[in-house]
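>>> 3D model of this:
(2 chains)
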Amino acid sequence: MRSSSAGLVVDALKRNEIRFITVLPDSWMFEVYELVDKDPYFKVIPVTHEAEGVSICAGAWCGGQRAAIIMENSGLRSATEALGRLYCFPVLLLMSYRGDVGDRAFFGRPIGRTTEPLLQVLGIPYLTVRKEAEIESAVRDATQTLDTALGPVALLFSGETVR
Amino acid sequence: MKRIDCLKLLAPQIQDHLVVVTLGVTEQEWDMVKPRDGNLLLSGMGTVTPFGLGLALALPGRKVVVLESDGSLLFGLNSLATVAMQSPNNLTIIVFDNECYESIGGAPSHTSAGVDLGGVAREAGIRNAITVRELEEFSLETQRRLKENELSLMVAKIEPAIADVPPRYYHLFEERNRFVRYIEETERIPVLRPTKIIRRDPTKWVKK
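Numbers count the residues shown, from 1 in each chain, chains lettered A, B, ... in the order given. Predicted coordinates:
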């Protein structure tokens, strides 16, 4: 992710009191991981699998923490069982959108082609963030939906935020 | 050793602990033996142990007990590595290992071929991981573990046996709300965040 975008994401997480973060490292989300990991405001839990990360976040929410997972959108496929089962526990999915229109990587499209259909099948509300100017409002709006819908909400990062 | 007898021994030791319970007969038996607001009956293979980990990390001052099963733990065995890496000292995991998928008719699980879940946990880095086979040992070990401030995992080797549990309606929404309201009350923290709705004054409506 662009370092200025990563900074905006982290600022927005703080503003919305999202301090409990699970992570499975991803190349586009790497800069966000670096920032939260060195910032004592955040409790950062590295995980081995996205389903595990979602389950940990759901537990942390019951303990009063707004929680998010940083992951690649390919991980959405791994996480589906946990997201399907724990459908009534709020977890913010912060995902790269590999394979979105404009991705220059040859391996992007096989990842991206299942992303939005899967979110729709799982009933997960989501926004695609392609401009830096949208980051702050996207995180704020996603937090509103976390608190009211009490289920997973996703943000997909693409466009100028990752290039 | 039967699970229902273990649960009956565990029941009087549970005070204000948060108890996250695996799916199938285990949650039905526990709900019969010790129904309480501090239980969360969680349906989902492989979600139970990581869920308990998240809860324990979010509430470091509160003892969290996970009642797991061999099938569910095998489904997400990787979570033991993350549990060990975080090592929260307020988390106690009890795995009921009957070497089969009992709730669906007893087909064998991989522990029937010798997979030692206590050994896997130890090698993953959970130092306080043991296996018990007798009720007396189960009782002594649970008492100790519930008092200790140390991450622990105990595998209870049990025979397949389903207690006579009453039929029950179950919905995860109800489970969630009851459980988090119990946490809100006992921890004095907000979890469910009420929405403040800004309303117009209904007396100001101007009639034509």
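
>>> only C-alpha atoms for contact and neighbour calcs from this point on.
OK.

>>> tell me, how many residues neighbour residue B:14?
Residues lying near residue B:14 (other Cα atoms under 10 Å in any protein chain shown) number 15.

>>> ok, residue A:86 next?
25.

>>> isn't it up against residue A:58?
Yes. Between residue A:86 and residue A:58 there is a contact under Cα atoms under 8 Å: 7.4 Å.

>>> touching, residue A:7 and residue A:32? I think so.
Yes. Counting by Cα under 8 Å, residue A:7 touches residue A:32, with 7.3 Å between them.

>>> may I see the buried residues of stretch A:82-98?
Across stretch A:82-98, burial judged by 16 or more other Cα atoms under 10 Å in any protein chain shown covers A:82-83, A:85-98.

>>> how many neighbours does residue B:164 have?
Residue B:164 has 11 neighbours, counted by other Cα under 10 Å.

>>> tell me how far it lies from residue B:33.
11 Å (Cα to Cα, to the nearest Å).

>>> can you check residue B:206 too?
61 Å.

>>> how about low-confidence regions in chain A?
Along chain A, the model assigns pLDDT under 70 to no residue.

>>> center of it, which residue is that?
By Cα atoms, centre = their mean, chain A has its centre lying nearest to residue A:94, at 1.0 Å.

>>> pretty sure that residue sits against residue A:156.
Yes. Residue A:94 sits in contact with residue A:156 when judged by Cα under 8 Å, with a separation of 6.5 Å.

>>> how about the residues of chain B by chain A?
B:43-44, B:46-48, B:50-59, B:76, B:78-79, B:82, B:86, B:172-173, B:176, B:179-180, B:183, B:189-193, B:195 (Cα under 8 Å from any Cα of the partner chain).

>>> what do residue B:164 and residue B:33 both touch?
Shared contacts of residue B:164 and residue B:33 (Cα atoms under 8 Å, 6 or more residues apart in numbering or on different chains): none.

>>> let me see the mean pLDDT of the longest helix seen in chain B.
Ordering each helix of chain B by length in residues (DSSP state H) puts helix B:172-187 first. Throughout helix B:172-187, pLDDT has a mean value of 97.

>>> which parts of it are buried?
B:172, B:175, B:176, B:177, B:178, B:179, B:180, B:181, B:182, B:183, B:184.

>>> repeat that for stretch A:10-22.
Under 16+ other Cα under 10 Å, the buried positions of stretch A:10-22 are A:10, A:11, A:12, A:13, A:16, A:18, A:19, A:20, A:21, A:22.

>>> likewise for stretch B:72-91?
Buried residues in stretch B:72-91 (16+ other Cα under 10 Å): B:72-74, B:76-84, B:87-91.

>>> one more: stretch A:148-163?
In stretch A:148-163, counting by 16+ other Cα under 10 Å, buried: A:150, A:151, A:152, A:153, A:154, A:155, A:156, A:157, A:158, A:159, A:161, A:162.

>>> start and end of that stretch, how far apart?
Start to finish, the residues bounding stretch A:148-163 are 33 Å apart (Cα to Cα).

>>> close to chain B, is that stretch?
Yes. Under the criterion of Cα under 8 Å from any Cα, chain B is reached by stretch A:148-163 at residue A:148.

>>> using the three-state scheme, assign the residue sitting furthest away from the middle of chain A.
Taking Cα atoms, centre = their mean, the residue of chain A most remote from its mean C-alpha position is residue A:106, at 22.6 Å. What DSSP: H, G, I helix; E, B strand; the rest coil gives for residue A:106 is coil.

>>> for it, grab phi and psi.
phi -60, psi -30 (degrees, to the nearest 10).

>>> from chain B, how far off is it?
Separation of residue A:106 from chain B (Cα to the nearest Cα, to the nearest Å): 30 Å.

>>> OK, contacts around residue 44?
Assuming you mean chain A. Per Cα under 8 Å, 6+ apart, neighbours of residue A:44: A:20, A:21, A:22, A:23, A:36, A:37.

>>> you looked at the wrong chain, it should be chain B
Taking Cα under 8 Å, 6+ apart as the test, what residue B:44 contacts is A:82, A:85, A:86, B:22, B:23, B:72.

>>> repeat for residue A:35
Per Cα under 8 Å, 6+ apart, neighbours of residue A:35: A:6, A:7, A:10.

>>> closest to chain B out of these?
residue A:10 (19.9 Å; Cα to the nearest Cα).

>>> which of the helices or strands spans residue B:131?
strand B:129-132 (DSSP states H and E).

>>> ok, then the element right after that strand?
Heading C-terminal from strand B:129-132 (DSSP H and E), you reach helix B:135-147.

>>> what's that following helix packed up against?
Here helix B:135-147 touches helix B:3-10, going by 3 or more Cα pairs under 8 Å, 6 or more residues apart in numbering or on different chains; DSSP states H and E.

>>> quick revisit: show me what the strand holding residue B:131 is packed against.
The contact analysis (3+ Cα pairs under 8 Å, 6+ apart) places strand B:129-132 against helix B:117-124, strand B:152-157.

>>> contact partners of that strand?
For strand B:129-132, the external contacting residues (Cα under 8 Å, 6+ apart) are B:118, B:119, B:121, B:122, B:138, B:152, B:153, B:154, B:155, B:156, B:157.

>>> got the contact list for the third one?
Applying Cα under 8 Å, 6+ apart, one finds that residue B:121 lies in contact with B:80, B:81, B:127, B:129, B:153.

>>> same check, this time on residue A:88
Counting by Cα under 8 Å, 6+ apart, residue A:88 has contacts A:150, A:151, A:152, B:172, B:173, B:176.
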